[in-house]
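Visitor: build me a model:
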Amino acid sequence: MRAPPHPIRRLGEGGMGEVWLAEDPDRGLVALKCLRPELTQNDHIGRFRAEFAALARLRHPNLVKAWDYHVDPDSGRHSYTMEIVQGLDFTAATGGLPADQVCVLAEQVCDALEHVHAHDLVHGDVKAANIIVTGDHVRLMDFGLVNHPGQGPRRGSLDTLAPEVIQGRPHDRRADLYALGAVLFEALTRHPPFTGPSRFALLRAHLRSRPVFPSRLAGSVPESIQAVVLRLLNKNPSSRFFTAAETAEALRAARGASGR
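Guide: Numbering: from 1, shown residues only. Below is the predicted model:
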């Protein structure tokens with residue numbers, strides 16, 4: 001097993017790990033994701049390994065690349081290297097863009113999700129912060145909650161959590177599509193589809209409240225695009241699109257129908 005790259009500076013952190021800018025002797029500058037040292041239980045290590053394994057075998061232009069897994073021989077700390085992706089998160093990148101251009105970027109997210117789902121995986125944490133836009137290119141990142149259909153944990157971003165996940169019911173790729181609908185809603189309107197004064201209130205809104213029509217919050221959202229977003233946010237998974245590829249096709253058709 002190759003020695004890990006030399007860390008230079010910390011770029012960010014999440015629930016399970018930290019990401020560092022690092023120097024790799026073969027690849028040059030890379031991102032090094034490290035499991036938090038206090039998370040040494042087997043279940044945390046298992047999830048971290050599963051995250052790497054998913055990224056390492058998922059090769060797609062709209063997914064971040066992962067390369068090497070490391071276990072420090074002295075500290076026992078687990079880490080892996082991946083490509084550095086610079087850009088803006090989806091909400092920031094789409095600020096001021098017309099609806100059809102937002103959809104063009106969202107179609108790339110659909111392409112990434114279709115590839116993930118084709119490998120019998122659910123991303124589990126689709127949110128704006130995990131979708132990085134560089135110019136006109138999109139990459140989906142952070143597979144820390146990746147799972148198989150029907151086996152996912154009851155976790156994820158509260159802003160994009162599908163009702164079936166909240167209820168602890170078996171869920172599949174359509175939970176990712178619901179989350180994408182929430183991301184799209186906010187990108188188009190600059191407002192999340194659901195809000196609440198507390199965690200409980202927000203979760204209850206996902207379960208019971210209907211989203212406002214996006215066109216009421218942003219008059220520039222065409223009805224054809226609005227219909228796609230609202231279908232993605234349907235409480236019933238069976239009433240959403242069945243696949244990410246179908247969603248991408250619907251977005252393309254909606255752009256065409258809007259005449260833009």
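Visitor: quick one, helices of the stretch 51-200 of the chain?
Guide: 90-93, 99-118, 163-166, 173-189, 199-208 (DSSP state H, counting those that start in this stretch).
Visitor: out of the ones you listed, deepest packed?
Guide: Ranked by mean neighbour count, those are led by helix 173-189 with a mean of 26 (mean count of other Cβ atoms under 10 Å). In this view, the C-beta of every residue, glycine as well, is placed from N, C-alpha and C.
Visitor: which helices and strands does it pack with?
Guide: helix 90-93, helix 99-118, helix 163-166, helix 214-217, helix 223-232, helix 244-258 (3 or more Cβ pairs under 8 Å, 6 or more residues apart in numbering; DSSP states H and E).
Visitor: make it 7 Å
Guide: helix 90-93, helix 99-118, helix 214-217, helix 223-232, helix 244-258 (3 or more Cβ pairs under 7 Å, 6 or more residues apart in numbering; DSSP states H and E).
Visitor: the inter-axis angle of the fourth one versus helix 99-118?
Guide: What that stands for is helix 223-232. Helix 223-232 and helix 99-118 are oriented at 30 degrees to each other (axes from the mean of the first three to the mean of the last three Cα atoms, to 10 degrees).
Visitor: output helix 223-232 as CSV, nothing but the C-alphas.
Guide: Output of helix 223-232 as CSV, limited to C-alpha atoms (Å, rounded to 0.1, in the frame of the first residue of the first chain):
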residue,chain,number,x,y,z
GLU,A,223,-44.6,26.1,-16.3
SER,A,224,-42.9,23.2,-18.2
ILE,A,225,-39.9,23.3,-15.9
GLN,A,226,-42.0,23.9,-12.8
ALA,A,227,-43.9,20.7,-13.6
VAL,A,228,-40.7,18.7,-13.6
VAL,A,229,-39.6,20.1,-10.3
LEU,A,230,-42.9,19.5,-8.6
ARG,A,231,-43.0,15.9,-9.9
LEU,A,232,-39.6,15.3,-8.4
